[in-house]
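Chemist: kindly return the folded structure for what I paste below:
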Amino acid sequence: MGIRSYKQNLYVNIFDMKKKVLLVNPPTGLFIRDDRCQSDVGEFLLAVSRPPHELMIIATILQDNGYDVAVIDYPIEGKSGADYELDIRRILPDILIINATLPTLPSDIKCANYVKTVKKDIIVLLRCGMIEYYAREIMQKEKGIDIIVYGESDFTICDFLECNDKKDVKGIFYRDGKKVVKTEPRPFVEDLDILPIVNRDLIRNELYIRPDTKNPLGLIEVSRGCPYSCIFCLSPLAYGKIHRRRSVSNIIKEIKICTEKYGIYDFHFKSDLFSFSREWVLELCKGIVENNIKIQWFANSRVDTVDEELLKNMKKSGCFALSFGVEAGSQYILDKIKKNTTLDKIKMTFDLCKNVKIRTYAYFIIGFPWDTEDTVKQTIRFSKKIKPDFVDIFFPYAFPGTELYRLISSQGNSPLFNFERHAYSRVQFSIPSLSKKRLIGLRKKALRNFYLRPLYILQVLMKCRNFKELFNVIRFALSSIKKIGL
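Modeler: From the prediction side, this is the model:
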């Protein structure tokens, strides 16, 4: 009842339980705000706004423990900083939890500091992927932040609110007088089934939509962790190198709740590496089919973890698309970034997806320290050779803790602590062989050459099943033209 009253902007007696907890994606930009990906949604050619899953898990755990909670995703709801300030004054929460990103951190901190000007005893917690590298400095400087949460934070905040002594809570930074204390890291959750199925009443589900159909898009986290060692990737740091999976029965239960209670039939199966366990994927696909669940879904994958039989089973269960981090069209670059795959394997996998009619989204990265004009052009040619349905080209981003970060730091390259808001679509650091201006020009030219091919345009139009999809394709095209500067 409290949440429903909040949604109707009736602020009287909306919190009537233990303590009032407000969890927010602050009004500092429409970003992907999970721990392994912190990027501006608008910089992706195929932009997908994701529900604030991390906040929803925390909120559901708090709700299950008697707290009265509300979740507000300001950017997706189109709300401004003024709306945020008004909400803080009206709601007066006991606890505020801000979901930050490194690129938006200065603005996120301003939102945190504002709270104390309204009511000094509101407890302000800041959570953010890779925040531990800067937490001490932030806590020393920003007195409006009481606690910084780092690591896998599902249970951390509830533990903090229930604790007798902050030093016993794993995974936080707090102040002890003038001293900033870091508690020991929180272990990764081994059994993902102990996490609650998130309460989707906490968000406005209709605002999160599938780009091509505009149908509501549900996010279901199915696994965590990646055992690979790509030098730029945050996944092993954020979720560990041990691949952990929810049980199929647990996932099926959540899918049924989404379809039966919320009318959601399109899903993003969130995973660092969906197809790591072949047997588990086959079991999940079988469970969806045997339960006669008519859904469509997509996930992230690797080219060397799928085969024809697996793809056919995925297609049968409703898989309509897979995204692959291809990264480069140069074997030399693939080896340098420790991608641990080959160009031949990449091509074969994209051919298989095409044969079973699963759409593909290929991510490429140009501007690694070893890149030259020739290797970048190899990548651009390869992006057309493998014939993905969609392609995006980004620049590498050296996040703290990654091998790429250590490499760039050792070379004295400077702008690593200045996290550009437009991560991935702006050049963060210089490389010997190509200027920043040249890299930007190559990216724009590559995207134009890919999407403006007459044969590609014809193929996309022929795949449209109805006028609605055709209309959305045209909208996508117009949006892409604006983004890549045609």
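Chemist: now the strands for the stretch 301-450 of the chain?
Modeler: Per DSSP state E, counting those that start in this stretch, the stretch 301-450 of the chain carries strands over the ranges 319-327, 359-365, 390-394.
Chemist: so Tyr456 lies in a helix, does it not?
Modeler: Yes. The assignment for Tyr456 (DSSP: H, G, I helix; E, B strand; the rest coil) places it in a helix.
Chemist: the closest residue to it other than its chain neighbours: what's it in contact with?
Modeler: In space, Tyr456 comes closest to Phe450 once its chain neighbours are excluded; the distance is 7.1 Å by CB to CB, 6 or more residues apart in numbering. For glycine as for every other residue, the C-beta is placed from the backbone atoms N, C-alpha and C. Going by CB atoms under 8 Å, 6 or more residues apart in numbering, Phe450 touches Ser383, Lys384, Val391, Tyr456.
Chemist: returning to what we had before: by mean pLDDT, show me the worst of the strands of the stretch 301-450 of the chain.
Modeler: Per-stretch mean pLDDT for these is lowest at strand 390-394 (a mean of 92).
Chemist: against which helices or strands is that one packed?
Modeler: Under the contact definition 3 or more CB pairs under 8 Å, 6 or more residues apart in numbering; DSSP states H and E, strand 390-394 sits against strand 359-365, helix 373-385, helix 436-451.
Chemist: give me the sheet partners of that strand and which way each runs.
Modeler: Sheet partners assigned to strand 390-394 using DSSP bridges are listed as strand 359-365 (parallel).
Chemist: need the helices and strands packed on strand 390-394 in JSON lines with distance to Phe429, can you?
Modeler: Formatted as JSON lines, the helices and strands packed on strand 390-394 follow (distance: least, CB to CB, whole Å):
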{"stretch": "strand 359-365", "distance to Phe429": "13"}
{"stretch": "helix 373-385", "distance to Phe429": "16"}
{"stretch": "helix 436-451", "distance to Phe429": "9"}
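Chemist: looking at these, which is buried most?
Modeler: Across the helices and strands packed on strand 390-394, averaging neighbours per residue (mean count of other CB atoms under 10 Å) puts strand 359-365 on top, at a mean of 21.
Chemist: and the contacts of that one?
Modeler: When contacts are defined by CB under 8 Å, 6+ apart, strand 359-365 is touched by residues 46, 232, 320-329, 350, 353-354, 379, 383, 386, 388-396.
Chemist: make a ChimeraX selection of the buried ones in the residues you listed.
Modeler: To isolate the buried members of those in ChimeraX, using 16 or more other CB atoms under 10 Å:
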select :46,232,320,321,322,323,324,325,326,327,328,329,350,353,379,383,386,388,389,390,391,392,393,394,395,396
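Chemist: what distance do you get for Cys158 to Asp34?
Modeler: 19 Å (CB to CB, to the nearest Å).
Chemist: if you could redo that for Ile257, that was the one I meant.
Modeler: Counting by CB to CB, the gap from Ile257 to Asp34 is 21 Å.
Chemist: neighbour-wise, which of these two wins?
Modeler: Asp34 (20 against 17; other CB atoms under 10 Å).
Chemist: my read: that one touches Arg50, true?
Modeler: Yes. Contact criterion CB atoms under 8 Å: Asp34 and Arg50 qualify, at 7.2 Å.
Chemist: joint contacts of the two?
Modeler: Lys270.
Chemist: hey, least reliable of the helices and strands packed on strand 390-394 by pLDDT?
Modeler: Taking the mean pLDDT of the helices and strands packed on strand 390-394, helix 436-451 comes last: a mean of 90.
Chemist: got the CA coordinates for that helix in CSV?
Modeler: Extracted in CSV, the C-alpha atoms of helix 436-451 (Å, rounded to 0.1, in the frame of the first residue of the first chain):
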residue,chain,number,x,y,z
LYS,A,436,42.2,10.8,-30.5
LYS,A,437,40.7,12.7,-33.4
ARG,A,438,41.6,10.0,-35.9
LEU,A,439,40.1,7.2,-33.7
ILE,A,440,36.8,9.2,-33.4
GLY,A,441,36.8,9.7,-37.2
LEU,A,442,37.4,6.0,-37.8
ARG,A,443,34.6,5.0,-35.5
LYS,A,444,32.1,7.3,-37.2
LYS,A,445,33.1,6.2,-40.6
ALA,A,446,32.9,2.5,-39.7
LEU,A,447,29.4,2.9,-38.3
ARG,A,448,28.2,4.8,-41.3
ASN,A,449,29.7,2.2,-43.7
PHE,A,450,28.1,-0.6,-41.8
TYR,A,451,24.6,0.8,-41.5
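Chemist: distance between it and the chain's centre?
Modeler: 25 Å (CA atoms, centre = their mean, to the nearest Å).
Chemist: and for stretch 95-111?
Modeler: Offset of stretch 95-111 from its chain centre (CA atoms, centre = their mean): 16 Å.
Chemist: make residue 1 into 404 and carry on from there
Modeler: With the count now opening at 404, the last piece we talked about shows up as stretch 498-514.
Chemist: that one spans what distance, first to last residue?
Modeler: Stretch 498-514 has an end-to-end distance of 14 Å (criterion: CA to CA, to the nearest Å).
Chemist: same question, stretch 565-582
Modeler: End-to-end distance of stretch 565-582 (CA to CA): 23 Å.
Chemist: model confidence over that stretch, on average?
Modeler: Averaged over stretch 565-582, pLDDT sits at 95.
Chemist: now do stretch 801-818
Modeler: 80.
Chemist: go on, stretch 461-481?
Modeler: According to the model, stretch 461-481 has a mean pLDDT of 97.
Chemist: can I get it as CSV, trimmed to CA atoms?
Modeler: The C-alpha trace of stretch 461-481 is given here as CSV (Å, rounded to 0.1, in the frame of the first residue of the first chain):
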residue,chain,number,x,y,z
ILE,A,461,18.4,-4.6,-2.0
ALA,A,462,14.9,-3.1,-1.7
THR,A,463,13.2,-6.5,-1.7
ILE,A,464,15.5,-7.8,1.0
LEU,A,465,14.8,-4.8,3.1
GLN,A,466,11.1,-5.1,2.5
ASP,A,467,11.2,-8.7,3.6
ASN,A,468,12.9,-7.6,6.8
GLY,A,469,10.2,-5.2,7.7
TYR,A,470,11.4,-1.9,6.2
ASP,A,471,9.2,0.3,4.2
VAL,A,472,10.9,1.0,0.9
ALA,A,473,10.5,3.0,-2.3
VAL,A,474,12.6,2.9,-5.5
ILE,A,475,12.7,5.8,-7.8
ASP,A,476,14.6,5.7,-11.1
TYR,A,477,14.7,9.4,-11.9
PRO,A,478,16.3,9.3,-15.3
ILE,A,479,13.9,6.7,-16.8
GLU,A,480,11.0,8.5,-15.2
GLY,A,481,12.1,11.8,-16.8
